[in-house]
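> how does the following fold in three dimensions:
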Amino acid sequence: MSETTAIQWTNRTWNPWRGCTKVHPRCKNCYMFTEQARYGQDPSVVIRTKTWNDPIRWQKKAAGAGVSEMVFTCSWSDWFHVDADQWRPEAWDIVKRCPNLTFQILTKRPQRIAGCLPNDWDGGYPNVWLGSSLDPDDNHGMELFKIPARVKFLSLEPLLGPVDLSKVLSAANWIICGGESGPGARPCRVEWIRSIINQCQAAGLPCFTKQMGSNLVGDEFDKWVCHMKHKKGGEPSEWPADLRIREFPKL
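Got it, this is the predicted structure:
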């Protein structure tokens with residue numbers, strides 16, 4: 001589960017705990033709930049896992065090879081979930097011990113970030129990126145941008161409507177977007193994705209288009225969508241050229 005990942009914008013995933021609770025419309029069809037139920041687990045219960053030494057092992061390997069790797073953290077939970085408060089200090093310590101790993105921490109609870117940072121956070125750990133999957137106009141959507149961090153990013157996936165990025169263009173370092181996939185996938189319009197890309201390009205902000213999703217709609221639908229073979233719409237070669245944007249933060 002953590003050695004490899006199908007998530008295109010990272011190298012590995014690490015879940016020191018798993019289980020979550022839904023707090024946002026984007027949570028409705030969360031893959032974690034389906035996958036955990038398939039494994040006979042209760043996805044609504046947050047429990048500690050046995051993966052705590054994985055980053056230490058990855059760090060040793062990366063350091064030996066003289067490379068850096070990106071680690072998406074809590075793909076099966078939320079780093080700032082209240083039920084993980086007792087374990088988070090230990091998890092922060094693991095993060096500090098792995099300078100060759102960049103931990104991409106994405107949350108739907110940005111309002112909890114400030115109260116859950118380690119005492120030595122100061123301007124942010126150099127190997128931590130903080131992200132939110134809330135829109136800028138959400139009640140808590142701007143909380144992320146009050147926190148000092150090396151990289152601050154938004155993941156607008158699944159994209160459920162048009163998003164105005166004007167509030168965050170000068171504060172964000174990276175934007176990810178994509179349509180929903182899986183059972184019950186809600187529609188995503190081509191123009192919503194294109195608008196995000198255009199806003200980012202106009203501001204010189206790196207943008208990563210993850211996927212079109214499996215329920216893509218739009219005026220140009222019949223021109224090219226019928227040729228997509230990837231079930232999640234995640235193969236860029238099947239998209240119009242102007243949507244094939246997969247950029248990373250400029251560090």
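
> now stretch 102-117 - C-alpha only, CSV.
Output in CSV follows, covering the C-alpha atoms of stretch 102-117 (Å, rounded to 0.1, in the frame of the first residue of the first chain):
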residue,chain,number,x,y,z
THR,A,102,9.2,15.6,1.5
PHE,A,103,6.0,15.0,3.3
GLN,A,104,2.9,16.3,1.5
ILE,A,105,0.3,16.8,4.1
LEU,A,106,-3.2,17.5,2.7
THR,A,107,-6.1,18.2,5.0
LYS,A,108,-9.8,19.1,4.9
ARG,A,109,-9.3,20.5,8.4
PRO,A,110,-7.1,23.6,7.8
GLN,A,111,-8.6,25.3,10.8
ARG,A,112,-6.8,22.8,13.1
ILE,A,113,-3.4,23.2,11.6
ALA,A,114,-2.2,26.1,13.8
GLY,A,115,-3.1,24.2,17.1
CYS,A,116,-1.4,21.0,15.9
LEU,A,117,2.0,22.1,14.9
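
> starting at the chain centroid, how far to that stretch?
11 Å (Cα atoms, centre = their mean, to the nearest Å).

> what does that stretch rub up against?
9-10, 14, 23-24, 26-27, 68-74, 78-82, 85, 88, 95, 127-134, 140-141, 143-144, 146-147, 153, 155 (Cβ atoms under 8 Å, 6 or more residues apart in numbering). Where C-beta positions appear, they are placed from N, C-alpha and C, glycine not excepted.

> among these, name the ones in helices.
88, 95 (DSSP state H).

> pull out the buried residues from the contacts of stretch 102-117.
9-10, 14, 26-27, 69-74, 78-81, 88, 95, 127-134, 140-141, 143-144, 153, 155 (16 or more other Cβ atoms under 10 Å).

> check what pLDDT residue 39 gets.
Note for residue 39: predicted pLDDT of 84.

> can you give me the neighbour number for residue 138?
Residues contacting residue 138 under the criterion other Cβ atoms under 10 Å number 16.

> grab the nearest non-local neighbour of it.
residue 24 (7.7 Å; Cβ to Cβ, 6 or more residues apart in numbering).

> what's the answer for residue 236, then?
residue 244 (4.3 Å).

> in contact with residue 211, which residues?
157, 178-179, 181, 230, 232-234.

> same thing but at 6 Å, please
Shown in contact with residue 211 (Cβ atoms under 6 Å, 6 or more residues apart in numbering): 178, 232-234.

> setting the sequence-adjacent residues aside, check what's closest to it.
Nearest one to residue 211, counting by Cβ to Cβ, 6+ apart, is residue 234 at 3.8 Å.

> try residue 158
Nearest residue to residue 158, sequence neighbours excluded (Cβ to Cβ, 6+ apart): residue 180, at 3.3 Å.
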